[in-house]
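Visitor: sequence? don't have it. structure:
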């Protein structure tokens, strides 16, 4: 209880200062929110440096004598923990200083990742049962602490960026995970080359432990320090007006009470009683089913059709690379063309995803068409992934925004990814065949469109003139 009380006090949001006046307020506001944005961009990229590193270490662990089935159990712990944490830790984030909450989660994720060398080096295959159990626990902690990354960024977004511009800014911020994720491979390679011999001398079979776990963890801790120096919790904590007063744009449900910190019980009541949030949360599950279903099963689908592994790898790369321009375009479209509405562009993009999936399905013997379709799916699917998170922030009061986004993330990862994209698709692919799998993907697109359509009317106030 003493530790809990201390942490609550440590993480408490800073008090509001007396609001500044004068002509310099506008320039200060612009400068500070750019600084804060860079802080959450760099900080969130840091989480992806220490999130899925275990996948990079699997070949090295197999070479030491660990079995693929055992390592798969360890791997699954990350996604399960992340899904639950993104929802549950968000309720704490809504009551915490984003400047402290994000770096704390990043440091803890980094330390959990660094300690992954312990079960391998000091337990090893001789005590394989204990080693797998400890690796599973550590990877669960990595996933759990990674769940502390999105909520404080969502909190910052709702306090520093208005509803009319949030889609554009969040589309740029969302690219942070592509930046961080892209660094994992090079870090694993060069970290092992640069520092492996320092720790293991001639035992080169252990070098990968430094590149996969220790080196990225050290970089992530450095990033956490930089993020702490740049992030500020709210404009009011610096003596600046709220974003609603400064920009002149406010969400329909906005009130002064939205600026107050409320009890956890009230946060959950606010979020769980909002039927619109449940609509987009379930829509998110089906979007994630398509996102990870198409991505994770692409190598098997293509290799089963006789396409070589090199071409399969390029198809996989094309899918992920197309996400960056697609996300940016979708965010810009949501703000500039649809006036801050999220449902319409999400529905439009998911319809185009369905078209691309159908063409992909009908041309499984044509590699050129397949790569073009995967590029199209990657381009169009990541915009809805981002926009549903933005819409969750829009639909909830500012003091419950992180929890609202956490609800969509929870259903996206646990139901959409683990249950639908991984387990269900894998079972159907084995028993029902590819045709049934593609029908499921297209059906998921349609269901997500219908669910998003239920929020269409709630956003129409944004089309009215101020």
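Guide: Arrived safely, thanks for sending. Please read these numbers as outputs of a predicted model, since none were measured by experiment.

Visitor: residue 66 in helix, strand or coil?
Guide: Applying DSSP: H, G, I helix; E, B strand; the rest coil to residue 66 yields a three-state assignment of coil.

Visitor: quick check: it touching residue 126?
Guide: No: the pair residue 66 / residue 126 is not scored as a contact, 11.6 Å apart, by C-beta atoms under 8 Å. Quick note: C-beta positions are derived from backbone N, CA and C, even for glycine.

Visitor: ok, the two, which is more surrounded?
Guide: Ranked by neighbour count (other C-beta atoms under 10 Å), residue 66 and residue 126 place residue 66 first, with 22 against 8.

Visitor: pLDDT of stretch 246-259, averaged?
Guide: What stretch 246-259 shows for mean pLDDT is 74.

Visitor: which stretches of the chain have low pLDDT?
Guide: 1-7, 253-259, 299, 308-317, 462-466 (pLDDT under 70).

Visitor: so what are the domain limits for it?
Guide: As assigned by automatic domain parsing, the chain contains the domains 27-237, 269-456.

Visitor: what does residue 163 show for phi and psi?
Guide: Main-chain torsions, residue 163, degrees, to the nearest 10: phi -60, psi -20.

Visitor: that one: what's it in contact with?
Guide: Taking C-beta atoms under 8 Å, 6 or more residues apart in numbering, we find residue 163 in contact with 249-251, 340, 394, 462.

Visitor: identify, from those, the entry nearest to residue 372.
Guide: Distance ranking of these against residue 372, using C-beta to C-beta, places residue 340 first at 32.1 Å.

Visitor: helix/strand/coil for that closest one?
Guide: Applying three-state DSSP: residue 340 is coil.

Visitor: what's next to whichever strand or helix holds residue 327, contact-wise?
Guide: Here residue 327 sits within helix 323-332, counting by DSSP states H and E. Helix 323-332 is contacted by residues 167-172, 174-175, 178, 345, 349, 378-387, 390 when judged by C-beta under 8 Å, 6+ apart.

Visitor: of all the residues in the helix or strand following that helix, which ones are buried?
Guide: Later in the chain than helix 323-332, the nearest helix or strand by DSSP H and E is helix 343-362. Going by neighbour count (16 or more other C-beta atoms under 10 Å), the buried part of helix 343-362 is 343-350, 352-354, 356-358, 360-361.

Visitor: elements contacting the helix or strand following helix 343-362?
Guide: In the C-terminal direction, the helix or strand that comes right after helix 343-362 (DSSP H and E) is helix 367-395. Using 3 or more C-beta pairs under 8 Å, 6 or more residues apart in numbering; DSSP states H and E, the elements in contact with helix 367-395 are helix 150-160, helix 166-174, helix 275-304, helix 309-321, helix 323-332, helix 343-362, helix 401-410.

Visitor: out of those, which gets nearest to residue 209?
Guide: Ranking the helices and strands packed on helix 367-395 by proximity to residue 209 (C-beta to C-beta) places helix 309-321 first, at 24.9 Å.

Visitor: and for stretch 134-142, what's in contact with it?
Guide: With C-beta under 8 Å, 6+ apart as the test, stretch 134-142 has contacts from 50-51, 54, 73-75, 77-78, 80-81, 108-109, 112-113, 115-116, 118-120, 123.

Visitor: the inter-axis angle of the helix or strand where residue 25 lies versus helix 150-160?
Guide: Taking DSSP H and E as the definition, one finds residue 25 inside helix 24-49. Going by axes from the mean of the first three to the mean of the last three C-alpha atoms, to 10 degrees, helix 24-49 is angled at 170 degrees with respect to helix 150-160.
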